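# Build me a model from this:
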Amino acid sequence: MLVFWLNSEELAISRVETRVKEGGHHIPEDVIRRRYKSGLKNFFNLYLAKVDNWLFVNNSGDTYEIIAEGALKEETISNVEQWEDLKRNYYGN
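Take a look at the predicted model:
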């Protein structure tokens, strides 16, 4: 499983606005906010334990950053502070 994460709902909204200006489809702000939270909650609480391999990537900037990756019961955390913050906010909630 590959997760491209943005570090805020506001950035997700901005990316959609940019896409719309370039001819892409619109998504209402309330839907973006709901999906942002539910997507992270689902990743941590449902999918993480069920997939064989996963990669969690911060796609907020001009270049991407691998935050963490795992296979079965093993994890490699590249950005411990960010990963722990995400787990604190979305795991078990």
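
# what about the helices in the protein?
Secondary structure of the chain (DSSP state H): helices at 9-21, 29-42, 80-90.

# Figure out how far the last one is from the centre of its chain.
Going by C-alpha atoms, centre = their mean, to the nearest Å, the spacing between the C-alpha centre of helix 80-90 and its chain's C-alpha centre is 11 Å.

# Kindly report the same for the longest one.
With C-alpha atoms, centre = their mean as the basis, the distance from the averaged C-alpha position of helix 29-42 to the chain average is 10 Å.

# Report all helices and strands that that helix contacts.
If you count contacts as 3 or more C-beta pairs under 8 Å, 6 or more residues apart in numbering; DSSP states H and E, helix 29-42 packs onto helix 9-21, helix 80-90. Every residue, glycine included, has its C-beta placed from N, CA and C.

# Kindly export that helix (C-alpha atoms) in CSV.
Presented in CSV, the C-alpha positions along helix 29-42 are these (Å, rounded to 0.1, in the frame of the first residue of the first chain):
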residue,chain,number,x,y,z
GLU,A,29,-14.1,21.7,1.0
ASP,A,30,-16.1,19.7,3.5
VAL,A,31,-15.6,16.5,1.6
ILE,A,32,-11.8,17.1,1.4
ARG,A,33,-11.7,17.7,5.2
ARG,A,34,-13.7,14.6,5.9
ARG,A,35,-11.7,12.4,3.6
TYR,A,36,-8.4,13.8,5.0
LYS,A,37,-9.2,12.6,8.5
SER,A,38,-11.0,9.4,7.6
GLY,A,39,-8.2,8.4,5.2
LEU,A,40,-5.6,8.7,7.9
LYS,A,41,-7.8,7.0,10.5
ASN,A,42,-8.5,4.1,8.1
